[in-house]
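Enquirer: Starting from these lines, generate the structure:
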Amino acid sequence: MTQLPLRAQLASALGRTAATLSRATGRGDGSVIGGRIGLALEPDLLRKLAQDRKLALVSATNGKTTTTRLITSALQELGEVATNAFGANMPAGHVSALSSAKNAPYGVLEVDEKYLPEVIDTTGAGVVVLMNLSRDQMDRAGEIWLLAQKWRRALAGRPVHVIANADDPLVTWGASTAAGVTWVSAGQPWKEDSWCCPECGGPLDRKGMDYTPPG
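Expert: A predicted model of the protein is given here:
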C-alpha cells in the first residue's frame, strides 16, 4: 500500500489514540470519536486510507451488520480485512475501521444508506452490496424513493460491481445504472414499500407472490 502523507499519518495516529482512550475510560468502543478526530485534522483522510485497498461496501435498511460480518469472515481466508464490525456505519466509523487495520489489503464497510453515495465517491470501492430499502427509519433517512434515486446517480458511470437484491424493486431500480450487477433473489417477504414501479409510478403486479407481514 502507498504510504500515507505525513498529515494523514498524524491524523490517523491521533484518531487511534482517542479511540483507545475512549475504550479505556469506558466511554464506548471509540470507533466514532477516533474517526471524527482524524477527519477534523485531515478532512480527506477517508479517501487516503481507502487508497490501494480492495473495498466492498454493504448498505441496506436492515441486515447490513450481519452481512458485513459474513463477508468479512469469508475474506479473512485471503488476508487481513479492515471492517466496522460494531456498526459505526458513517464516514467517521469508516475512518476508524481503516485506520485500525492500516496494512489490511481488504476492507468490508457497512454503510448507512443515506451516506452510500458519498462513501462510494470517497473510497472508490470496487464492490457494493445492496439489500433492501424500507420505511422503518423514514423519520431519519427521508423518502426511500429519493434514496434509491441517489444510489442510481452515485453508481452511474462508475467502474463498480454491484451485488443487488432482485426481490426489492427499489433496490433493483437503484442498482440498474451500475456497470455490472449480480442479481440475487432470496424470497424477500416484506413488500409494503414496493407496490409501485419506481420508474413509471404504476402499480407492480404481485399476483402469485406469497405475502408474510413482518413479525
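Enquirer: What residues of the longest helix belonging to the chain count as buried?
Expert: Counting residues, the longest helix found in the chain (DSSP state H) is helix 6-24. By neighbour count on 16 or more other CB atoms under 10 Å, the buried set for helix 6-24 is 8, 9, 11, 12, 14, 15, 16, 18, 19, 22. (Glycine included, C-beta is placed from N, CA and C.)
Enquirer: List the contacts of the residue nearest in space to the middle of the chain.
Expert: What sits nearest the mean C-alpha location of the chain, by CA atoms, centre = their mean, is residue 111, with 2.4 Å. If you count contacts by CB atoms under 8 Å, 6 or more residues apart in numbering, residue 111 has them with 57, 58, 59, 64, 89, 94, 119.
Enquirer: Show me the residues you listed that map onto strands.
Expert: Secondary structure assignment by DSSP state E places 57, 58, 59 of the contacts of residue 111 in strands.
Enquirer: Let's have the residues you listed in a markdown table, adding pLDDT.
Expert: Shown next, in a markdown table, are the ones in strands among the contacts of residue 111 (pLDDT from 0 to 100):
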| residue | pLDDT |
| --- | --- |
| 57 | 98 |
| 58 | 98 |
| 59 | 97 |
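Enquirer: Next secondary structure after the lowest-mean-pLDDT helix or strand in the chain?
Expert: Lowest on mean pLDDT, DSSP states H and E among the helices and strands of the chain sits helix 138-141, with a mean of 48. Following helix 138-141 in sequence order, the next helix or strand is helix 144-155 (DSSP states H and E).
Enquirer: Could I get the average pLDDT for that next one?
Expert: Helix 144-155 shows a mean pLDDT of 93.
Enquirer: residues in contact with that helix?
Expert: 61, 113-114, 116-117, 120-121, 128, 130, 133-135, 138, 141, 162, 170-171, 173-178, 193, 198.
Enquirer: returning to that earlier point: contacts for the longest helix of the chain next, please.
Expert: 3-4, 28-31, 33-42, 44-45, 48-49, 95-96, 99-100, 102.
Enquirer: Show the average pLDDT along that helix.
Expert: On average, helix 6-24 scores 88.
Enquirer: cool, stretch 74-86 as well?
Expert: So the average pLDDT for stretch 74-86 ends up being 93.
Enquirer: I'd like the distance from that stretch to the chain centre, please.
Expert: Here the centre of stretch 74-86 is set off from its chain's centre by 15 Å, with CA atoms, centre = their mean, to the nearest Å.
Enquirer: List the buried residues in it.
Expert: Within stretch 74-86, the residues scored as buried using 16+ other CB under 10 Å are 75, 81, 82, 83, 84, 85, 86.
Enquirer: Out of these, which two sit at the greatest distance?
Expert: With CB to CB as the measure, no two of these lie farther apart than 75 and 86, at 17.7 Å.
Enquirer: phi, psi of the closest residue to residue 161 other than its chain neighbours?
Expert: Computed as CB to CB, 6 or more residues apart in numbering, the closest residue to residue 161 that is not its neighbour in sequence is residue 180, at 4.5 Å. When read as degrees, to the nearest 10, the backbone of residue 180 gives phi -140, psi 140.
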